[in-house]
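Chemist: sequence-free structure coming up:
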């Protein structure tokens, strides 16, 4: 019985050692499960939310400008009103136009203005005279109003010697102002004013512009806008 004392003491020490070892093992596993990052371990990167990239729409192409209907350089047009009461001629250079309306007796008007890219034009003259027309292809069509009388007209493309002529000068103290329209068929319509008084214009030579007015030889020249 005396020998069993130390044996119990030794056995109690072993049991205590085993209990401590078990307790340490349990505590270490708890730190690993709940204790955050382990020593020397790399921190986990925080999740990032990628923003979707916005696609930039391609710039829309500007509509191409319509080509101009005006012929380049100078062009001539001559014709008559729809009621055949008068003749009309236009001279166009680039975006400028001048027109002459004449009935060959006592009514005439010079008109001028701009020609738009689409061929439309609005010309004005003295005493409220106006012309609204459109250049399309080889002709100008529209309405001319002189003396409160609107008339439709068509003036076809003219080639020399057809076209518009004018002579302005002073003869023996009198102011001479004459206008001539040479139509494509060779006919001529014109008026000469002496000090503002109209009279039918004599025939001119369209090749040279020579004309005799009341015995005086003059030269009519093509009209430039």
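Modeler: Received the coordinates, thanks. Just so it is clear, the structure is predicted and the values come from calculations on it, not from any experiment.

Chemist: Tell me what residue 216 is bridged to.
Modeler: On the basis of DSSP bridges, residue 216 is bridged to residue 213.

Chemist: quick one: low-confidence parts of the chain?
Modeler: 1-69 (pLDDT under 70).

Chemist: Now do the helices in it.
Modeler: Using DSSP state H, the helices of the chain run over residues 4-34.

Chemist: Return the set of buried residues in stretch 136-151.
Modeler: 140, 141, 142, 144, 145, 146, 151 (16 or more other CB atoms under 10 Å). Any C-beta I mention is one placed from the backbone N, CA and C, and that applies to glycine too.

Chemist: now those residues as a markdown table including distance to residue 98?
Modeler: Output for the buried residues of stretch 136-151, formatted as a markdown table (distance: CB to CB, whole Å):
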| residue | distance to residue 98 |
| --- | --- |
| 140 | 12 |
| 141 | 18 |
| 142 | 15 |
| 144 | 13 |
| 145 | 17 |
| 146 | 15 |
| 151 | 19 |
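
Chemist: What about those residues, which are in strands?
Modeler: Residues of these located in strands (DSSP state E): 140, 141, 142, 144, 145, 151.

Chemist: In contact with the nearest residue to the fifth one once chain neighbours are set aside, which residues?
Modeler: Read that as residue 145. With sequence-adjacent residues excluded and distances taken as CB to CB, 6 or more residues apart in numbering, residue 145 is closest to residue 130, at 5.3 Å. Going by CB atoms under 8 Å, 6 or more residues apart in numbering, residue 130 touches 111, 122, 123, 124, 144, 145.

Chemist: Please apply the same query to residue 206.
Modeler: 160, 161, 162, 165, 182, 188.

Chemist: May I see the PyMOL selection of the buried members of those?
Modeler: The buried subset of the contacts of residue 206, as determined by 16+ other CB under 10 Å, is captured in PyMOL by this line:
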select buried, resi 161+162+165+182+188
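
Chemist: can you list the contacts of residue 206 in a markdown table and add distance to residue 80?
Modeler: Shown next, in a markdown table, are the contacts of residue 206 (distance: CB to CB, whole Å):
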| residue | distance to residue 80 |
| --- | --- |
| 160 | 19 |
| 161 | 18 |
| 162 | 13 |
| 165 | 17 |
| 182 | 13 |
| 188 | 12 |
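
Chemist: what about the closest residue to residue 75 other than its chain neighbours, neighbour count?
Modeler: Excluding the flanking residues, the one nearest residue 75 by CB to CB, 6+ apart is residue 92, at 5.1 Å. Using other CB atoms under 10 Å, residue 92 is surrounded by 22 other residues.

Chemist: Pull out the buried residues from stretch 153-162.
Modeler: Neighbour-count burial for stretch 153-162 [16+ other CB under 10 Å]: 153, 155, 156, 157, 158, 161, 162.

Chemist: again, but for stretch 70-77
Modeler: 70, 75, 76, 77.
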